[in-house]
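sequence first, then the predicted structure, then my questions.
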Amino acid sequence: MKIQDIRSQFPILADTVYGKPLVYLDNAATAQRPQSVVDKEAELSLHTNANIHRAVHSLAVRATEEYEATRDFIRDFIHAGSREEIIFTSGTTASINLVAFSFGEAFIHEGDEVIVSAAEHHSNIVPWQMMCGRKKAFLKVLDIDGNGGLDIDSLGKLISQRTRIVAISHISNVLGLVNPVKEIVRICHEKGVPVLIDGAQGIVHENVDVQDLDCDFYAFSGHKIYAATGTGVLYGKRKWLDAMPPFLGGGEMIETVRFSGTTYAPLPEKFEAGTQHVNGIPTLRPAIVFLQSCAQVPEVLDYQRKIKEYVYESLTSDPRVTLYGVPRRTEDKIPLFSFTVKGVHHEDLALIMDKMGIALRSGQMCAEPLMDCYGVTGMLRASFAPYNTMEEAEYFVECLGKAIAMLT
Amino acid sequence: MTLAEKKQEVIEEFSMYDEWLDKYEYLIELGKALDTYPETDKTEERLIKGCQSRVWLDYTLKDGRLFFTADSDAIITKGIISLLISVYSGRTPEEIAQDDFSFIDEIGLKENLSPTRANGLVSMVATIRRAAQEASL
């Protein structure tokens, strides 16, 4: 498989912006969709549209089959123990909110503690803060070192008798460093504390085996792995999911409803109240097929590695640039580069480079505490996907130089 | 120069540049040329909400006319605010309050900015308008 074979699956990559070829480097925010994903959603919308589980007619049966086949597919993809441990949500944010609420209701009491890291996305901070507020519990923070790595050595000490859960990202959306999640799970489990992994970025770049990781929860979004937006997954160990009360109440999550009281459906429906994104969830299948097709071809991986090394080298060798998230080994960093330029505002750079056709992320990147850690008001981020070319990487570096020259 | 004449001048000046990068160059020059804004005036109440970059705007009323001073940590935003100040500073509150600010649309600034920055521009205009309304009370 050549890079052109990958690119040709994404019609948007042939588009232009301001008369310039689009160079899309905001993949960590959302990935583009291949034709197979768009076709799947269109086919379902045009020919299979029905509400799942509820009716006996043929469309409803087909829609249900598509949806439930996706659950089996996801179970295989992340190697979960059973299909009941796969809950469909609207995305990582919804998945984490579900756990923060339902786990919190069942297991967190006044004076208890929750641990997150200093490098978390707001989605893995705010739901816990909200729950801690309700429960009069405390949020504790695991620090990062100067290079952006988690201070794993102090995790054991940070965990106390009152720690009820640890919530950590697999890969920070700002730093792009692969956290040693297996080690984190081991440390936490030794103290009897369950772990939620925010896999929004991790699922894109790592082979995730939830049984091997032994994590208690793993949350991710579909749109970052080329599937329809508004799709997401929560993996949870059955022992926890069984013990947690529902998050949302409504249709489909019940067993019997009486005004005197309601009993809930078994897993996974207990956590899937209301009409789901029935035409979107099945797009996870072609999306993951694409993801795996890239991950299995040595030439593609080699090409991606070369791009990563070239951009890393270009940014770190420029004395005007400060790169955040410096790996100990290159394989610990994904092709995601957040940086600032001395004396230049990130937004000016993003605006100028946008007019050159380059889509970058600028600002706080939903990680204000991390920005505060580094004493900056924002950063610029370039994140690459398998459809990005070396020519695009070179153009990015060239344009960055031009934009800096305009601004200094 | 009347407000209408000044606005026309800005529109013509801006239309000289076909390329957006040239327009940005022009805004960057305007931003660099903006009068120094005192660090002590960079207070929370002078900070304009809704901008991704930080913008401070202050004004004084002198002999029945409003004079604006401003600063931003981003240079293109600073250029935009400089442009606004060159048009509206030294006008009477009534003149400003009655203006429809449509020249901003005419130079294509709003739709060619990122949404967050367009929000910032809207907030800047709103602040200038509010200053005019308060001064004319």
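Yep, that arrived.

spatially nearest residue to A:Val311 (excluding sequence neighbours)?
Excluding its sequence neighbours, the residue lying closest to A:Val311 (CB to CB, 6 or more residues apart in numbering or on different chains) is A:Ala393, at 5.4 Å. To be clear about C-beta, it is placed using only N, CA and C from the backbone, and glycine gets the same treatment.

helices and strands around the helix or strand containing that neighbour, which ones?
Counting by DSSP states H and E, the element that carries A:Ala393 is helix A:390-407. Using 3 or more CB pairs under 8 Å, 6 or more residues apart in numbering or on different chains; DSSP states H and E, the elements in contact with helix A:390-407 are strand A:23-24, helix A:298-316, helix A:346-355, strand A:358-359, helix B:20-33.

the fourth one - what's its average pLDDT?
Strand A:358-359 shows an average pLDDT of 98 in the prediction.

contacts for it?
A:17, A:22-26, A:395-396, A:399 (CB atoms under 8 Å, 6 or more residues apart in numbering or on different chains).

residue with max distance from the center of chain A?
In chain A, the residue that sits farthest from the middle, by CA atoms, centre = their mean, is A:Ser260; the gap is 40.6 Å.

got the domain boundaries for chain A?
Following automatic domain parsing, one finds the domains of chain A at A:3-32+A:297-407, A:38-289.

from chain B, how far out is A:Thr340?
Using CB to the nearest CB, to the nearest Å, A:Thr340 is found at 12 Å from chain B.

assign a three-state SS to that residue, would you?
Of the three states, A:Thr340 takes strand under DSSP: H, G, I helix; E, B strand; the rest coil.

what's the answer for B:Ala97, then?
helix.

hang on, isn't it packed against B:Glu134?
No. Look at B:Ala97 against B:Glu134 with CB atoms under 8 Å: they stay out of range, at 9.7 Å.

same drill for these two, tell me which one is more crowded.
Comparing B:Ala97 with B:Glu134 by other CB atoms under 10 Å in any protein chain shown, the one with more neighbours is B:Ala97, at 18 against 13.

how about the nearest residue to that one, chain neighbours excluded?
Closest to B:Ala97 by CB to CB, 6+ apart is B:Ala132, at 4.3 Å.

for the one you found, give me its contacts.
Here B:Ala132 is in contact with B:66, B:93-97 (CB under 8 Å, 6+ apart).

same question for A:Ile78.
A:203, A:208-210, A:218, A:233, A:235.

for the closest residue to A:Asp145 other than its chain neighbours, give its distance to chain B.
Of all residues not flanking A:Asp145 in the chain, A:Asp151 sits nearest, at 5.7 Å (CB to CB, 6+ apart). Going from A:Asp151 to chain B by CB to the nearest CB gives 30 Å.

and the residue of the stretch 151-300 of chain A at minimum distance from chain B, backbone torsions?
Chain B sits closest to A:Val174 of the stretch 151-300 of chain A, with a gap of 16.1 Å, by CB to the nearest CB. Backbone geometry at A:Val174, expressed as degrees, to the nearest 10, gives phi -100, psi -40.

okay, strands next: where are they in chain B?
B:55-62, B:65-72 (DSSP state E).

need the ones you listed in JSON lines (columns: mean neighbour count).
Shown next, in JSON lines, are the strands of chain B (neighbours: other CB atoms under 10 Å in any protein chain shown):
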{"stretch": "strand B:55-62", "mean neighbour count": "18"}
{"stretch": "strand B:65-72", "mean neighbour count": "21"}
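
distance to chain A and mean pLDDT added to those, as JSON lines?
Putting the strands of chain B into JSON lines (distance: least, CB to the nearest CB, whole Å; pLDDT from 0 to 100) gives the following:
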{"stretch": "strand B:55-62", "distance to chain A": "11", "mean pLDDT": "92"}
{"stretch": "strand B:65-72", "distance to chain A": "8", "mean pLDDT": "94"}
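
quote the end-to-end distance of stretch A:230-245.
23 Å (CA to CA, to the nearest Å).

so for it, what gets flagged as buried?
A:230-237, A:240-241, A:244 (16 or more other CB atoms under 10 Å in any protein chain shown).

these in strands, which ones?
Going by DSSP E, the strands hold A:232-236 from those.

so B:Ile81 sits against B:Ile75, correct?
No. Using CB under 8 Å, B:Ile81 is not in contact with B:Ile75; the gap is 10.6 Å.

the residue of the stretch 151-300 of chain A closest to chain B: neighbour count?
28.

residues contacting it?
Per CB under 8 Å, 6+ apart, neighbours of A:Val174: A:119, A:324-325, A:338, A:365, A:367, A:370, A:379, A:381.

same thing with A:Phe217?
A:95, A:99, A:103, A:194-197, A:234-237, A:240.

now render the residues you listed as a markdown table, adding distance to chain B and pLDDT.
Conversion of the contacts of A:Phe217 to a markdown table gives the following (distance: CB to the nearest CB, whole Å; pLDDT from 0 to 100):
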| residue | distance to chain B | pLDDT |
| --- | --- | --- |
| A:Ser95 | 27 | 98 |
| A:Val99 | 30 | 98 |
| A:Phe103 | 34 | 98 |
| A:Pro194 | 37 | 98 |
| A:Val195 | 34 | 98 |
| A:Leu196 | 30 | 98 |
| A:Ile197 | 30 | 98 |
| A:Leu234 | 30 | 98 |
| A:Tyr235 | 34 | 98 |
| A:Gly236 | 35 | 98 |
| A:Lys237 | 40 | 98 |
| A:Trp240 | 39 | 98 |
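
what number of residues lie near the residue lying closest to A:Leu22 once chain neighbours are set aside?
In space, and not counting its chain neighbours, A:Leu22 is closest to A:Asp15: 4.9 Å by CB to CB, 6+ apart. By other CB under 10 Å, 11 other residues sit near A:Asp15.

could you pull up phi and psi at A:Asp15?
Per degrees, to the nearest 10, the backbone of A:Asp15 is at phi -80, psi 160.

select the longest helix from chain B.
helix B:115-135 (DSSP state H).

any idea of the angle that one forms with strand B:65-72?
150 degrees (axes from the mean of the first three to the mean of the last three CA atoms, to 10 degrees).

what residues does whatever residue of chain A ends up closest to chain B make contact with?
Chain B sits closest to A:His345 of chain A, with a gap of 3.8 Å, by CB to the nearest CB. Counting by CB under 8 Å, 6+ apart, A:His345 touches A:407, B:53, B:73-75.
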